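Colleague: Sharing a model that was predicted from the sequence below.
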Amino acid sequence: MTTQHSLSPRTVALLVALAIADAAISFWVGRQAYLWMPPQASAEALLVDDLFGFLTTIGSFIFIGVTTALLVAVLFQRADKYDTSDGPPIEGNLLVEILWTTIPLGLVIWIAAYSYQIYDKMAILGPMEHMNHVPSLSLVPPAEAATLPAVPEKTPIEVHARQWAWEFYYPDQNITSTELHLPVNERARLVLTSEDVLHGFYIPAFRIKQDVIPGSSIDFGFTPIREGRYRLRDSDYSGTYFAANQGTVVIESAEAYQQWLADAAAQPLTVAENRAYREFTKSVDRPISMGWKTVEPAPPPRVNYASAEDSSYE
C-alpha cells in the first residue's frame, strides 16, 4: 500500500523561494568565477571563460540545493529519540520519477550542446572561415570588407618543440626566435611539430592547449586581443627537465611587431640560453648517482632573437 502526500501551498511557496535564492547565489558565484582565471588575452579566452562561468553556475546551483536539503533533513526531520521504526513506505510517485529523469538528461544535453558550440567558435584546429561569427574577431563591417582588396595569406609560424626548448621560425622573414611575437587583434596561424616526444603547447592567459605529437604537423590558430608578455608552458610530462620547458609569448601592436621583425632579421644566429641544458651540464660536472638514466637535452637552439627572461608575465 502506498502513501500519497500532497504539498501545501505554503510549502510550495517556500520551495519556490528557496529555488530562487539558490539561483541568485549560484549566478553570483558564476560571475565570480571569471576572477579565478588569468587575464583574458585572446578571443578564445572570452569564450572559454563564458563556458566556465556557465558550468560554475550550474554546479553551484546543484551543490547548494543538495547541501541545503541534507541540512534540513538532518536538523529538522530526524526521528525521535529511541524511535527505531521504519519510515513511511512512500513509492511510486510518477511525477518525481519523470522529473529526476528528464531534468538531468536535459541538463547534460544543454551542457554538451553549449560546449560544442564554444569549441566550434574557437576553431583552433582546421579551417578558420567560420571564425567570423565571434564578435571580437569581426573588426571590419561586412559591407566594407567586401570592398577591401584581398590580403595575401601569411605563411604560418613554425613552432618546434623538443626536450627541452621552444623554437619559433618565421618563414617569410627567415627569422628564428625563442620568443613568440604576435600582433594584437590578428589571427595567429601556427604549425606545431615535435622533434622527439609528446609536448603540450599551453598558454594559460589564452585558454588554449594543444598536444604536439611526434611525426605530425598540426595547424593551430588563435586570436590575441591584449598586449603583454605571457608564459608558454609544456603541459605534458616530457622527461626530466620538462618543467624548464617554458617560453615567452609577446603580444604587441602591429607597428611594434613589424619593428621587431626588422630588428630580429638584422641579427646573426647565436646560441640561445637554455635552462634545461644548463642544469644538465651542472649534473654532469657534479654527478649524483641516483640509479636511473637521465635524458640528455637537445643542444640550445641557434636563433636570431633569444628570449629575455623576466618576471613581468601576465
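Modeller: Perfect, thanks for sending it.
Colleague: for the chain, which residue is closest to the average position?
Modeller: Arg207 (2.9 Å; C-alpha atoms, centre = their mean).
Colleague: List the contacts of the nearest residue to that residue once chain neighbours are set aside.
Modeller: Nearest residue to Arg207, sequence neighbours excluded (C-beta to C-beta, 6 or more residues apart in numbering): Val48, at 3.9 Å. Every C-beta, even on glycine, is put in place using the N, C-alpha and C of the backbone. Residues in contact with Val48 (C-beta atoms under 8 Å, 6 or more residues apart in numbering) are Ile118, Met122, Arg207.
Colleague: again with Ala244
Modeller: Per C-beta under 8 Å, 6+ apart, neighbours of Ala244: Trp164, Arg275, Ala276, Glu279.
Colleague: circling back: from the contacts of Val48, which is closest to Asp172?
Modeller: Asp172 lies nearest to Met122 out of the contacts of Val48, by C-beta to C-beta, at 25.6 Å.
Colleague: how near is the closest one to Pro297?
Modeller: 33 Å (C-beta to C-beta, to the nearest Å).
Colleague: With Thr57 instead?
Modeller: 45 Å.
Colleague: In the stretch 201-314 of the chain, where is pLDDT below threshold?
Modeller: For the stretch 201-314 of the chain, applying pLDDT under 70 flags the ranges 283-293, 308-314.
Colleague: What are the boundaries of the helices in it?
Modeller: 254-265, 275-285 (DSSP state H, counting those that start in this stretch).
Colleague: Quick one, which of those helices gets closest to His160.
Modeller: Per C-beta to C-beta, nearest to His160 of the helices of the stretch 201-314 of the chain: helix 275-285, 14.8 Å.
Colleague: Which positions in that closest one come out as buried?
Modeller: Arg275, Ala276, Tyr277, Phe280 (16 or more other C-beta atoms under 10 Å).
Colleague: same deal with stretch 33-48?
Modeller: Ala33, Pro38, Gln40, Ala41, Ser42, Ala43, Glu44, Ala45, Leu46, Leu47, Val48.
Colleague: ok, now how distant is the first one from Phe27?
Modeller: Between Ala33 and Phe27 the computed distance is 11 Å (C-beta to C-beta).
Colleague: and if you look at the third one?
Modeller: Counting by C-beta to C-beta, the gap between Gln40 and Phe27 amounts to 20 Å.
Colleague: picking that back up, any common contacting residues for Ala33 and Phe27?
Modeller: With C-beta under 8 Å, 6+ apart, Ala33 and Phe27 have common neighbours Thr57.
Colleague: Mind jotting down where the helices sit in the stretch 1-150 of the chain?
Modeller: Counting by DSSP H, counting those that start in this stretch, the helices of the stretch 1-150 of the chain are 9-32, 43-76, 94-122, 142-147.
Colleague: Those into CSV, with extra columns for distance to Pro88 and mean pLDDT?
Modeller: Shown next, in CSV, are the helices of the stretch 1-150 of the chain (distance: least, C-beta to C-beta, whole Å; pLDDT from 0 to 100):
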stretch, distance to Pro88, mean pLDDT
helix 9-32, 17, 90
helix 43-76, 14, 92
helix 94-122, 15, 89
helix 142-147, 65, 46
